[in-house]
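A.B. asks: Build the 3D model from these lines:
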Amino acid sequence: MELFFFDREVLAVLPKGERSQYLSMANAALIPDGRPFFLGADGLPDRELDGFCEYLLDPKRGSPNTWKTYAIQVHVFLRFLEVQKKHWKHVTREDLKAYYKVRATGEFQVGAPIKGQSWNVVKSALVHLYEYALDAGLITAVPFKYRRSKAMFSGKTDSTADFGAKAKPEPINFIGIQSYKGLWRPALALCRNAQRNLALSDLLITVGLRISEALGLDVHQIPDPDNLAYAGRKSVSLRVVGKGKKPRMVLVPKRILRAIRFYIEEDREVSVAAYRRVHGKAKSPTGVFLSQRGTRLSARSVQDFFEVISAQVGIHLTPHGCRHTFAVHQLGAMIKRMALNLRTMRQGGADAYRQIMNDPLRQLQLLLGHSQIATTYIYLDFLEESEALVDASLDDWSDWEKARD
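C.D. replies: Residues are numbered from 1 along each chain as shown. Below is the predicted model of the structure:
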């Protein structure tokens, strides 16, 4: 059983008539880009697993990245079962335990063992597989039990499959702003495709975008920061689409927008010309950040040049590490500003404390596009001064009480 993903870009190499025919077929069948297919030895889709692929396309799982992640994890599981000479519909709880042991210890596999958080992604994919099979009448019971669990911050309870693993918080990757400005960025400026890579890197670290959000931007979305409508502002609002196709507004510094537009007008045109040589002069790529061939830049390509620069300067930074850097710096700045404003607040103690800690976190939650504020709480652990700031703020509150007396 092999796994494939539908990609319209592949059809570009076909003759025009044949390409149009295949595209018409795909559009008529409502096949979206990124749709997974499990093909058997005969080259045809497996009927039952194809039903699972269709199940993944539910609006709740609207992201192609989600489809890809779940499909890949199911594919790895199927390969494990193939070695065990067992069909996926006949799996027992003991089989799941054995699979966990193999993945968690690294036994009998080429890759490194997975940790708790990664295993829970595997678990989620397998839960979807067997819940689909149960709904479709392919099995009479799932090979696991459910237990009640309570969310850490909201207190809400829900049912969860009982073969998960405890996920230990992983250290997040981030660097100091001065290290980025003084060491990392200058090294990036000396490398190939510097104009594009600087614009992208600066966007990630000053706005906190996910790499998928930045690479998903189209040219028409980039506003002109020098438009009179934005006079007097330091930043301009930009609409991005995050996880689960959820849109949100972010603020982009004018300097970053100017750098992006300069890249669009200069180096990007070279990539556009390369694209037109293959696809015809009438067609132009829509993405902001392009490869040298004119196709939309991939996350893998971005990770590659981040690894090169990290090795050169001796400071490890990833594309997602830029997002963490933004979050830590932004949260620290917002807490400091809130602490400085405390003396002008004339509210009760509990309300003041909430303004110190809660408001900055919720603002950061909105900026990052986190669906749960619990995800945003992790950044508190990386603020060197957070404890001192809270203590100082509580001292200020005590002073207010004395003043009232």
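A.B. asks: C-alpha from now on. contacts and neighbour counts both.
C.D. replies: Fine.
A.B. asks: Find the residue ranges of the chain scoring beneath the pLDDT cut-off.
C.D. replies: The model of the chain has pLDDT under 70 over residues 61-62, 106-111, 116, 149-158, 165-171, 336-367, 369-405.
A.B. asks: now the strands for it?
C.D. replies: Applying DSSP state E to the chain gives strands spanning 2-5, 36-39, 146-150, 157-161, 235-241, 247-253.
A.B. asks: what's in contact with the fifth one?
C.D. replies: This points to strand 235-241. Here strand 235-241 makes contact (Cα atoms under 8 Å, 6 or more residues apart in numbering) with 213-214, 216-217, 221-223, 225, 230, 247-254.
A.B. asks: mind running it again at 7 Å?
C.D. replies: For strand 235-241, contacts defined as Cα atoms under 7 Å, 6 or more residues apart in numbering pick out 213, 225, 230, 247-254.
A.B. asks: most centrally placed residue in the protein?
C.D. replies: Compute the mean C-alpha point of the chain, and by Cα atoms, centre = their mean the closest residue is residue 210, 5.0 Å away.
A.B. asks: residues in contact with that one?
C.D. replies: So residue 210 contacts 320, 323 (Cα under 7 Å, 6+ apart).
A.B. asks: Pop out the phi and psi values for it.
C.D. replies: Reported as degrees, to the nearest 10, the phi and psi values for residue 210 are phi -70, psi 150.
A.B. asks: roughly how far apart are it and residue 240?
C.D. replies: Applying Cα to Cα, to the nearest Å, the value for residue 210 to residue 240 is 10 Å.
A.B. asks: Could you measure from the residue nearest to the centre of the chain over to residue 368?
C.D. replies: In terms of Cα to Cα, residue 210 sits 8 Å off from residue 368.
A.B. asks: Residue 139 too?
C.D. replies: Residue 139 is 40 Å from residue 368, by Cα to Cα.
A.B. asks: With neighbour numbers in mind, choose between the two.
C.D. replies: With neighbours defined as other Cα atoms under 10 Å, residue 139 and residue 368 compare such that residue 368 has more, 22 against 15.
A.B. asks: what about the closest residue to residue 209 other than its chain neighbours, how many neighbours?
C.D. replies: Distances taken as Cα to Cα, 6 or more residues apart in numbering place residue 323 nearest to residue 209, at 6.0 Å, with adjacent residues excluded. Residue 323: 22 surrounding residues under other Cα under 10 Å.
A.B. asks: Buried by neighbour count, from the contacts of strand 235-241: which ones?
C.D. replies: 213, 225, 250, 252-254 (16 or more other Cα atoms under 10 Å).
A.B. asks: how about CSV for those residues, with distance to residue 265 added?
C.D. replies: Formatted as CSV, the buried ones among the contacts of strand 235-241 follow (distance: Cα to Cα, whole Å):
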residue, distance to residue 265
213, 21
225, 15
250, 23
252, 19
253, 19
254, 16
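A.B. asks: which among those residues gets closest to residue 277?
C.D. replies: Set against residue 277, the nearest of the buried ones among the contacts of strand 235-241 by Cα to Cα is residue 213 (27.9 Å).
A.B. asks: isn't that closest one right up against residue 242?
C.D. replies: Yes. Using Cα atoms under 7 Å, residue 213 makes contact with residue 242 at a distance of 5.9 Å.
A.B. asks: can you give me the helices for the stretch 51-200 of the chain?
C.D. replies: 64-84, 93-105, 116-135, 177-179, 185-189, 194-207 (DSSP state H, counting those that start in this stretch).
A.B. asks: of all the ones you listed, which lies closest to residue 147?
C.D. replies: Closest approach to residue 147 among these is made by helix 116-135 (13.4 Å; Cα to Cα).
A.B. asks: quick one on the thing from earlier: farthest pair in the buried ones among the contacts of strand 235-241?
C.D. replies: Taking Cα to Cα, no two of these sit farther apart than 213 and 225, at 19.9 Å.
A.B. asks: Could you check how far residue 230 is from residue 224?
C.D. replies: The value you get for residue 230 to residue 224, if Cα to Cα is used, is 9 Å.
A.B. asks: just residue 283 next, same as before
C.D. replies: Counting by Cα to Cα, the gap from residue 283 to residue 224 is 24 Å.
A.B. asks: list the contacts for residue 282?
C.D. replies: No contacts exist for residue 282 under Cα under 7 Å, 6+ apart.
A.B. asks: Can you list phi and psi of it for me?
C.D. replies: phi -80, psi -10.
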